[in-house]
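> below is the sequence, then the predicted model.
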Amino acid sequence: QWYQRRVRGAEDTDGIDMAYRVLADHARTITVAICDGGLPDNVGRGYVLRRILRRAVRYSVEKLNAKQGFFASLVPVVNETLKDEFPELLKDPQYTMDIINEEEAQFLKTLNYGKRLFDKTSNSLEGKTIPGDVAWRLYDTFGFPLDLTCLMAEEKGLAVDCAGYEQAKAKAIEMSRCGGVVDDDKTDIDVHAINELQKSGIPPTKDVFKYSYTANDSGDYSFETISATIKAIRCGRQFVQNAESGDRVGVILDKTCMYAEQGGQIYDTGFINCTADSGILVNNIQVKAGFILHKGIVEGKISVGDTVQISFDESRRRKIMNNHTATHLLNFALRKHCGEADQKGSLVTDERLRFDFTYKSPLTTEQLEGVDCVVSDFIKKNDAVYAQNAPLAVAREIQGLRAMFDETYPDPVRVVSVGIDVDKLVGDPTAPAGSLTSVEFCGGTHLLKAGHMNNFTVVSEKPISKGIRRIFAVTGTEADAAIARGKILQQEANNLMSIVGSGRFEYSKIIGEVNSLIQTNDKSTIPAWQRDKIRDDISSLKAKLDKARIESEKALVGQNAAEISKLISENKGSTMIVEVLSSKGTSKGISEGLKEMRKKLPNTAAVIFAVNDDNVFFHCLVPKKVSAANALRADEWVASFSGLLNAKCGGKDLYAQGSGVGAGQIGNAVNLAKKFGDAKLN
């Protein structure tokens, strides 16, 4: 439905026109704020942005039935509308769109479940007020800001118990602080709980289904979702038969397709659905002694023996798979460019990968670029990623195998190889094939083809302890964005180098742009090798600028001294000189000229001004005899006009100086200086 310019509530009964106006307003706010450095967060101004963005997403989806990504598509429209007032909006619009899309995707994962809770509560109310504990649960579990809940309630003619919300919030904070034990720990299982499970005859969870997925040539993945049975519910440090809305639980199923955190790979998140109105929002998954504990918050009612449907966040899993396969390829690339670089740890999340390794010195720009190139070559070749169990003793003999040999591996062990079938490697483990690609022991979830990763780049490399370094890298759209930002910054550096090379620039302006680029380069997520290259380019550029500045200042000093020398020859009989130099001035140039004046005009008092852009420099010379005879002090003289120039000054009776930024008032300052001098000398 198109916008119909309906403003009053009686006209806009369905709220469609209101939704259009909200999206327009919020798109402007979010676009400018992100461009200005703000990011959605859980605290401070970041939380304000998150609230605005989530309110916009809700209007977009529920009122306009827009598809995911629609809100971000408004960014180019905002940029085109506001580009004259805010030209910086055009610097990296894709970055702004990526931030909005990520935040939208995160909220949409829980929007329907939260709305279901809201509708269920509002439909069963006896009064007209949404309870505070429900409003808190909507925020704590489903990410609904309080003002969004209030807005939804207002649309239904309801209110929200905000005082009750604050009480529920305070209670939750207190419970999490109590004894240093958080609620999540109360759902965990220890050796005693494991023993209890085993005595009850509950078998370890079957999780082979986490590897059940297929992909087409475009890299679109289809994941299997399965039905399972609840075998045990952990709540409040004990096993229970039932759990209800708001309970934090750990659920053990007979089987699962979700991935439990292990081997450096983060856990899956998702939903365990019992009925249309009940289930568990899973936000953590751990494995203990083969029992996979799905931790989360209950909505509705669940019981041991319930049949459930399991669905996980597939887009998040897909990014994790990207980053895990990339971790293996990074390990191989480091060996190729750094020799013996042994893995000391890793962390694979949906946002990025972290890799710790042994190496004695920082990686050079060439090494970092080389690592990116090795991984990119795998992506371009689009080799298949093979994963298969093999006897541990045989697998250990595979030439080129990368493993953390202080780790304990199961037998059989899962072998992951890129480009070479595991059967071939196991059939002839001493053959050189294994040293030509990435081969590792790993139980994680991986891509089916390396090309599905789309892109890769190392964004950070630094030491964490003696002899151990840490790399952060990104893949997919995050890598695309990092590489694009790197190209933009490199172009800025090239433009500055071109300007400086031409010799046609103002130092004060160009050095500001250089310093701004230094800060942007240091804080931006771009390829690490490119950051180093830009840093080197800027360093060379600053050296040239410093040389040019010194030469320019030296020339200006000479010009200022020559002009003052001319004033000396023209004013040999004068008792006072108050002049503004016609050439661009420097404080040192005036000082050098007044040294000559002190010698050649021993009875002349002088104030010499010089202007450089908006900056004003001034020096005041009063010979000792003149000062004594006329009660004329240099420090009092400059004080008479310095306020006009917003200047800071200092000195004593015979010599004073200062500088300010009031070039527009130079004429008035000269008049005041002359008036003050005349009053003392005549």
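Okay, I see it.
> contacts and neighbour counts: CA atoms only from here.
Fine.
> number of residues surrounding residue 219?
Close neighbours of residue 219, defined as other C-alpha atoms under 10 Å, add up to 17.
> actually residue 428, sorry about that
15.
> residues contacting it?
Counting by C-alpha atoms under 8 Å, 6 or more residues apart in numbering, residue 428 touches residue 398.
> quick one: pLDDT of it?
Taken from the predicted model, the pLDDT recorded for residue 428 is 91.
> residues contacting residue 458?
Under the criterion of C-alpha under 8 Å, 6+ apart, the neighbours of residue 458 are 368, 372, 471, 472, 473, 474, 527, 528, 529.
> pretty sure the fifth one contacts residue 482?
No - with contacts defined as C-alpha atoms under 8 Å, residue 473 does not count as touching residue 482, sitting 10.0 Å away.
> those two - which one has more neighbours?
Counted by other C-alpha under 10 Å, residue 473 and residue 482 do not tie: residue 473 has more neighbours, with 26 against 23.
> what helix or strand is that one located in?
Under the assignment given by DSSP states H and E, the secondary-structure element containing residue 473 is strand 468-475.
> would you mind writing the CA trace of that strand as PDB?
Once non-C-alpha atoms are left out, strand 468-475 reads as follows in PDB (Å, rounded to 0.1, in the frame of the first residue of the first chain):
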ATOM      1  CA  ILE A 468      53.100 -16.400  20.600                       C
ATOM      2  CA  ARG A 469      51.100 -14.200  18.200                       C
ATOM      3  CA  ARG A 470      47.400 -13.800  17.500                       C
ATOM      4  CA  ILE A 471      45.600 -13.300  14.200                       C
ATOM      5  CA  PHE A 472      42.000 -12.200  13.600                       C
ATOM      6  CA  ALA A 473      40.500 -12.700  10.200                       C
ATOM      7  CA  VAL A 474      37.100 -12.400   8.500                       C
ATOM      8  CA  THR A 475      35.400 -14.100   5.600                       C
END
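> the very next helix or strand once past it vs strand 468-475, what angle?
Moving toward the C-terminus from strand 468-475, the next helix or strand (DSSP H and E) is helix 476-502. For helix 476-502 and strand 468-475, the angle between their directions (axes from the mean of the first three to the mean of the last three C-alpha atoms, to 10 degrees) works out to 100 degrees.
> distance from helix 476-502 to the middle of the chain?
On the basis of C-alpha atoms, centre = their mean, to the nearest Å, helix 476-502 is displaced by 18 Å from the centre of the chain it belongs to.
> can you pull the buried residues of that helix?
Along helix 476-502, the positions that meet the burial threshold by neighbour count (16 or more other C-alpha atoms under 10 Å) are 476, 478-486, 489-490, 492-494, 496-497, 500.
> who are the packing partners of the longest helix belonging to the chain?
Under DSSP state H, the helix in the chain containing the largest number of residues is helix 528-570. Under the contact criterion of 3 or more C-alpha pairs under 8 Å, 6 or more residues apart in numbering; DSSP states H and E, helix 528-570 touches helix 365-381, strand 456-465, helix 476-502, helix 507-523, helix 587-600.
> show me what the following helix or strand past the first one is in contact with.
The element immediately downstream of helix 365-381 (helix or strand, assigned by DSSP H and E) is strand 385-390. Under the criterion C-alpha under 8 Å, 6+ apart, residues 411-422, 426, 446-450 lie in contact with strand 385-390.
> adjacent strands (with direction) for strand 385-390?
Paired with strand 385-390 in the same sheet, following DSSP bridges, are strand 413-418 (antiparallel).
> what residues does the strand it pairs with touch?
With C-alpha under 8 Å, 6+ apart as the test, strand 413-418 has contacts from 383-392, 395, 422, 437-443, 450.
> and what of stretch 629-644?
With C-alpha under 8 Å, 6+ apart as the test, stretch 629-644 has contacts from 620-622, 626-627, 648-658, 660, 662, 665, 668-670, 672-673, 676-677, 680-681.
> which of the residues you listed are buried, as a PyMOL select command?
The PyMOL command for the buried members of these (criterion: 16+ other C-alpha under 10 Å) is given here:
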select buried, resi 620+621+622+626+627+649+651+653+654+655+656+657+658+660+662+669+670+672+673+676+677+680
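> just the ones of the contacts of stretch 629-644 in strands?
When strands are assigned by DSSP state E, the members of the contacts of stretch 629-644 inside them are 620, 621, 648, 649, 650, 651, 655, 656, 657, 658, 660.
> okay then, goodbye and thanks.
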